[in-house]
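S.K.: Provide a 3D model corresponding to the input given below.
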Amino acid sequence: MDLTFAMLPLSAILAAIERGPHLVSSSVADGSVFPFATLEHLTIYLVPVLVILLGYQQWRVYQYRQSAAKREELFRIVAENAADMIALVDLKGHRLYNSPAYEKVLGYTPEELAKTPVFEQIHPDDRFKVLEAGREARSTGVGKKLEYRIRHKSGAWRILESTASPIKNGYGEVEKLVIVNRDITERKREQEKVEQDSLHDGQTGLPNRQLFLDRLERSFARAQRHPEYRYAILFADVDGFDQFNRTLGAETGDQIIAEIGRRLAKTLRTDDTVARPKGVLPIPDPLLSRLGGDEFTILLEFINDPSDAMRVARRTQASLDAPIQLNGREIKASVSVGIALNRAEQESPEILLQKADTAMRRAKALGGNRCELFDEASHSRAVNRLRLETELRTAIQQNQFQILYQPIFSLSNRNIAGFEALVRWRHPEKGLISPYQFIEVAENVGLIIAIGNYVLREACRQIRSWESKYLLQDGRKVTVNLSARQFSHPELVAEVRRAVQEAGIVPCQLQLELTEAVAMADPKLTATVLEQLKHLGVGISIGDFGAGHSSLNWLRRLPIDALKIDRSLIGSMSSDRCSRDVVQLIVTVARNLELEAVASGIESVVQLNFLEKIGCEFGQGYFFSQPLEPSRAEEMLHEKCART
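M.R.: The predicted structure is shown next:
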């Protein structure tokens, strides 16, 4: 065959055929030379070319099929060995292929899957979004990742992460979808656990501060949109929890908190906690959370009246009526609750929480185990209290405290038997401030330790000064009061020893006094600490005696030297026969236990005469002398010594 013909363009050959069996010119439209004159002559040469073209086409089809077969084989190998579930579905959602991972993960055999529609195992609430994801993949040619729930053969729901990838035909049309599903159930559970832990208290399992504040913010926003919506915050604080922690240990303290949280939660899981407004359903349950430490908060929504909040507060307190049983101990716990209601003029959530806190502190100041509703007056008191705390810290730094000494007299001969050291705050602007105005605040914020140690050291130095002048003869002592926090402090004994040694005094010239209430708070701790103090050689007195409920059997086992009768009993003797009888009983008990009986707060001759009559040995009060500055007390000692 002439190579010139074989090299002709196909367009030229076709043009020649169209001209028919006549003679063709020696050139064609594109300029190529055409050497044949007739169609028969052309056909002889055209047939081999067409055969070659047809063979080439078949070879290309074969290559394409081989490539497709290899891709399908590769897809099958990958799908059958992948941990993820891989499915092939047509445009109508019919399953064309399911990888073996489906049976491993979901328990269904290929035969079982083939008999059921694609959407049968998908959670009803998730079917629409799965359908939409498939439609989007078909229309856009791009699949997106989504999560949905699918039922395991056992009936349990698993969570899948799914991605649909479209397969297009030769015309660019989507004809199939490859869906890759990954079981993320365990991962989601771990995420939920992390979220749960971040929003809940690990010790009690209750919502924590973060979750509470989030719910509070929502309530605040709702109240802005709906002025008729009312809600309240209850702020509960465990009474005397610091004492539990110090005396029983942090581990037991944690157990107490956990039990209180459990009881409060159980109390709030009732249907009649809050009177329900008509037509407002559903109403969220009260949200109990642990704010931190020994503080709990309750958010009440849709309340009708402040009495709703008060009712809940009293029920939470009643839940702690029964003692807590821990490690063979019976522990009596209580909470003080402050209540704050949202107002028409919207306050920020933080301010409302502060008001509930203020009301709670007011409840504590009134004796604890009670609930108080916030009002503006209590808010003003709270502001003043904060100012007092700041000024107290300054007073400690600048040494603004002064020790006064009130004489204690022998009632039989009116001689001075000793002194009680009483702290006063010499404020630079307000003058001399009584301890009744700042001791409670100092106790609550922990400043009482520094103040108490200051009083102890100053009293020991004063004893040394008077002793050097021979003014503390005949067994005279100086009594120093110990606060509850100071008495339970682990360094108390070491601090007393240090003060005595630094001052260089005889220990028996110092007497330490703790109230009956402090002594009874933890009898075992009291006995242990008093034994250690007694071993140092100091005297021990129980003050405010008669105001509590001490056991006489327990009392006789304590290493004490004196009972100081509560001033309220002395003050009411003239008008109350019962008080007189109690005072006489205390004097008798003291005598039988070979303890000194000291009457405090003597203010009249009638009181003095009765005390002398029943045999009370010692007394102090404004009838004899008010607390004196050290120089004036020293003058009084000189006068008494001169007379004797």
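
S.K.: what's the neighbour count on the nearest residue to residue 148 once chain neighbours are set aside?
M.R.: Among residues not flanking residue 148 along the chain, residue 126 sits closest, at 3.8 Å (CB to CB, 6 or more residues apart in numbering). For the C-beta atoms, the positions are set from N, CA and C on the backbone; glycine is no exception. Residue 126 is flanked by 18 other residues according to other CB atoms under 10 Å.

S.K.: quick check: residue 126 is in a helix.
M.R.: Yes: Residue 126: assigned to a helix according to DSSP: H, G, I helix; E, B strand; the rest coil.

S.K.: show me where pLDDT drops low in the stretch 301-450 of the chain?
M.R.: For the stretch 301-450 of the chain, residues meeting the criterion pLDDT under 70 lie at 344, 346, 376-383.

S.K.: please read the previous query as pertaining to the chain.
M.R.: The model of the chain has pLDDT under 70 over residues 1-51, 53-83, 196-197, 269-284, 344, 346, 376-383, 642-644.

S.K.: 50 instead, please
M.R.: 1-7, 21-29, 32-34, 37, 77, 79, 81, 271-282 (pLDDT under 50).

S.K.: got the domain boundaries for it?
M.R.: When the chain is parsed with automatic domain parsing, its domains come out as 1-79, 82-189, 200-374, 388-635.

S.K.: format the ones you listed as a markdown table; extra columns: distance to residue 641.
M.R.: Putting the domains of the chain into a markdown table (distance: least, CB to CB, whole Å) gives the following:
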| stretch | distance to residue 641 |
| --- | --- |
| domain 1-79 | 108 |
| domain 82-189 | 83 |
| domain 200-374 | 43 |
| domain 388-635 | 6 |
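
S.K.: picking up where we left off before, correct me if wrong: the residue nearest to residue 148 contacts residue 158.
M.R.: No: counting by CB atoms under 8 Å, residue 126 does not reach residue 158; the two are 11.7 Å apart.

S.K.: anything in contact with each of the two?
M.R.: Residues touching both residue 126 and residue 158 (CB atoms under 8 Å, 6 or more residues apart in numbering) are residue 149.

S.K.: and residue 506, how many residues sit next to it?
M.R.: Residue 506 has 13 neighbouring residues, counting by other CB under 10 Å.

S.K.: surely residue 175 is in contact with residue 138?
M.R.: No: the criterion here is CB under 8 Å, and residue 175 misses it with residue 138 at 9.3 Å.

S.K.: looking at the two now, which is surrounded by more residues?
M.R.: Per other CB under 10 Å, whichever of residue 175 and residue 138 has more neighbours is residue 138, with 17 against 13.

S.K.: got a list of what that one touches?
M.R.: 91, 166, 174, 177.

S.K.: now list the buried members of the residues you listed.
M.R.: For the contacts of residue 138, a burial check counting by 16 or more other CB atoms under 10 Å picks out 166, 177.

S.K.: can you name the two of the contacts of residue 138 that are farthest apart?
M.R.: Farthest apart among these by CB to CB are 91 and 166. That separation is 9.8 Å.

S.K.: which residues do those two both contact?
M.R.: Common neighbours of residue 91 and residue 166 (criterion: CB under 8 Å, 6+ apart): 138, 174, 176, 177.

S.K.: just these: which are in strands?
M.R.: Per DSSP state E, strands hold the following members of the shared contacts of residue 91 and residue 166: 174, 176, 177.

S.K.: look up the closest residue to residue 625, ignoring the ones flanking it.
M.R.: Once flanking residues are discounted, residue 625 sits nearest to residue 407: 5.0 Å by CB to CB, 6+ apart.

S.K.: pretty sure the one you found is in a helix, no?
M.R.: No: Residue 407 sits outside any helix when classified using three-state DSSP, being strand.

S.K.: from what I can see residue 446 touches residue 483, true?
M.R.: No: distance between residue 446 and residue 483: 10.7 Å, which falls outside the contact criterion (CB under 8 Å).

S.K.: who has more neighbours out of the two?
M.R.: Remark: of residue 446 and residue 483, residue 483 carries more neighbours, 20 against 10, as counted by other CB under 10 Å.

S.K.: I'd say that one and residue 448 touch.
M.R.: Yes: with contact defined as CB under 8 Å, residue 483 reaches residue 448; the gap is 4.7 Å.

S.K.: intersection of neighbour lists for these two?
M.R.: With CB under 8 Å, 6+ apart as the test, residue 483 and residue 448 both reach residue 439.

S.K.: make sure residue 631 is indeed in a helix.
M.R.: Yes: looking at residue 631 with three-state DSSP, it is inside a helix.

S.K.: quick one: it from residue 594, how far?
M.R.: 36 Å (CB to CB, to the nearest Å).

S.K.: do residue 312 as well
M.R.: Counting by CB to CB - residue 312 and residue 594 are separated by 53 Å.

S.K.: those two - which one has more neighbours?
M.R.: Shown here are residue 312 and residue 594; by other CB under 10 Å, residue 312 has more neighbours (24 against 8).

S.K.: the more buried one and residue 285 touch, don't they?
M.R.: No: contact between residue 312 and residue 285 fails when scored by CB under 8 Å: they sit 11.5 Å apart.
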